[in-house]
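>>> 3D model of this:
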Amino acid sequence: MFTGTWQKYLPVIAILLKRAAKAEQTLNMDQTDFKRAAGGKKIKFSFSNLQLNDGRTDYNTNLSPIAKEFVQSLINNETTKTLVMNQQFEFALTNDFQLLIKNNTLAASDAPVAPE
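Just a heads-up that it's a prediction; the model follows:
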């Protein structure tokens, strides 16, 4: 349902994934694209706290269709797949159709190491 819409934004998402190493990134998307893809069905367009570690989701919860297709689109695209592997990302899509991208890899590697 949303795969085509996500495909449209993947080139920009790839750039933002690279930039996320320095700061959290935001992508403003067109709500018309998503509403058209939904085909008039009333669904929840937002998701939050979607975490990818090495290209996989952290937990076995029921993701919304829009979140599932987002993850699938990232993994199926060679460019974005390369960017999310060996990294920890957190994604959120707000009700205003803003995609928030945060790279948590640096935060995890900067954590203090416990003495042995």
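>>> by contact count, what packs against the helix or strand harbouring Ile66?
Using DSSP states H and E, Ile66 sits in helix 65-76. Helix 65-76 is packed against helix 3-19, strand 47-53, helix 78-84, strand 88-93, with contacts defined by 3 or more C-beta pairs under 8 Å, 6 or more residues apart in numbering; DSSP states H and E. No exception for glycine: its C-beta is placed from N, CA and C like everyone else's.
>>> Which residue is the nearest non-sequential neighbour of the spatially most central residue of the chain?
Central residue of the chain (C-alpha atoms, centre = their mean): Phe91, 4.2 Å from the mean position. Ranked by C-beta to C-beta, 6 or more residues apart in numbering and with sequence neighbours excluded, the top spatial neighbour of Phe91 is Leu50, at 4.4 Å.
>>> Could you give the number of residues near the one you found?
When neighbours are counted by other C-beta atoms under 10 Å, Leu50 registers 21.
>>> Same question for the one 3 residues further on.
The tally of other residues near Asn53 (other C-beta under 10 Å) stands at 17.
>>> again, but for Ala37
That count, for Ala37 with other C-beta under 10 Å as the rule, works out to 19.
>>> Likewise for Ile13?
Ile13 has 25 nearby residues by other C-beta under 10 Å.
>>> unless I'm mixing things up, it is touching Ile101, no?
Yes. If you go by C-beta atoms under 8 Å, Ile13 and Ile101 touch, sitting 7.4 Å apart.
>>> Now list whatever residues contact both of these two.
Counting by C-beta atoms under 8 Å, 6 or more residues apart in numbering, the contacts common to Ile13 and Ile101 are Leu27.
>>> low-confidence ranges in this structure?
Residue ranges of the chain with pLDDT under 70: 58-61, 106-116.
>>> circling back: contacting residues around the helix holding Ile66?
1-3, 6-7, 10, 13, 34, 43-45, 47, 50, 52, 55, 57, 63, 80-81, 84, 91, 93.
>>> next one: stretch 15-23
Gln25, Leu27, Thr80, Leu83, Val84, Phe89, Ile101, Lys102, Asn103, Thr105, Leu106.
>>> Switch the residues you listed over to a markdown table; also include distance to Ala38 and neighbour count.
Below are the contacts of stretch 15-23 laid out as a markdown table (distance: C-beta to C-beta, whole Å; neighbours: other C-beta atoms under 10 Å):
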| residue | distance to Ala38 | neighbour count |
| --- | --- | --- |
| Gln25 | 25 | 19 |
| Leu27 | 19 | 15 |
| Thr80 | 23 | 19 |
| Leu83 | 27 | 22 |
| Val84 | 25 | 22 |
| Phe89 | 25 | 20 |
| Ile101 | 23 | 18 |
| Lys102 | 26 | 17 |
| Asn103 | 29 | 23 |
| Thr105 | 33 | 16 |
| Leu106 | 35 | 13 |
